[in-house]
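A.B. asks: got a predicted structure here, sequence first:
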Amino acid sequence: MTEIRPAAVEDLPTINAIYNHYVEHSTCTYQYQPSSAAERAAWFSGHDEHHPITVAVRAHEVVGWGSLGPFRTREGYRYTVENSVYVRHDLQRQGIGQALLRDLIVRARTLGHRTIVAGISAEQTGSIALHEREGFREVAHLKEVGFKFEQWLDVVFLQLML
Ligand SMILES: CC(C)(COP(=O)(O)OP(=O)(O)OC[C@H]1O[C@@H](n2cnc3c(N)ncnc32)[C@H](O)[C@@H]1OP(=O)(O)O)[C@@H](O)C(=O)NCCC(=O)NCCS
């Protein structure tokens, strides 16, 4: 049973551990260096009530997290959010990412946002499949805008109108 709830400060070490695994091993994030505890704390306090951070909990353990962040900072973009979903690497394909994403979609609607954008590295077919299954559609494919692990990477933007 997976429960989704708003993240708390106490969750930050686990959130960071889940994320930093992918920094070191995956092109799903283009970050090269793991985030420090201080950077994670700043990220957390930079999210306001319009931009929630959530965690997935199983048997009292945080096993994934999701967030809605501003798509861009100028005021006119304030009804557009960009989502993130990260599941602990050894617990993939058990429905946790889907539960987190579905919950984020409900929260975005409730908060009055207009649309969610997901920017996904093009070779991350599992992530793209997850988003498409929840109704996101590809609206742009940017060629070789990323570079990690000695390769150029395309980014696909998918969008869900709320
Ligand atoms: C992408 C990610 C969030 C998916 O979460 P997950 O818990 O592993 O996926 P789920 O079990 O919820 O999958 C739900 C559906 O999405 C699709 N899907 C998920 N992973 C898939 C994969 N590797 N290949 C194909 N389809 C996949 C399937 O339709 C799946 O349903 P099914 O298992 O019944 O076929 C997770 O793999 C992850 O954290 N990846 C690294 C970080 C990342 O890429 N995040 C997204 C960027 S915002």
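C.D. replies: Now that the structure is in, tell me what you want to look at.
A.B. asks: do a quick rundown of the strands in this protein.
C.D. replies: 3-6, 53-58, 61-70, 80-87, 115-121, 137-148, 151-161 (DSSP state E).
A.B. asks: got a markdown table for those strands, with mean neighbour count and mean pLDDT too?
C.D. replies: Using the backbone N, CA and C atoms, a C-beta is placed for each residue, glycine as well. Compiled in a markdown table, the strands of the chain are given as follows (neighbours: other CB atoms under 10 Å; pLDDT from 0 to 100):
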| stretch | mean neighbour count | mean pLDDT |
| --- | --- | --- |
| strand 3-6 | 14 | 98 |
| strand 53-58 | 20 | 98 |
| strand 61-70 | 20 | 98 |
| strand 80-87 | 21 | 98 |
| strand 115-121 | 19 | 98 |
| strand 137-148 | 12 | 98 |
| strand 151-161 | 16 | 98 |
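A.B. asks: leaving out sequence neighbours, find the closest residue to the residue of the chain found nearest the ligand.
C.D. replies: Residue nearest to the ligand within the chain: residue 97 (2.1 Å; CB to the nearest ligand atom). Distance criterion CB to CB, 6 or more residues apart in numbering; nearest residue to residue 97, sequence neighbours excluded, is residue 87 at 4.8 Å.
A.B. asks: residue 49 too?
C.D. replies: That would be residue 111: by CB to CB, 6+ apart, it lies 7.9 Å from residue 49.
A.B. asks: just checking, residue 83 touches residue 66?
C.D. replies: Yes: checked against CB atoms under 8 Å, the pair residue 83 and residue 66 is within contact range at 6.7 Å.
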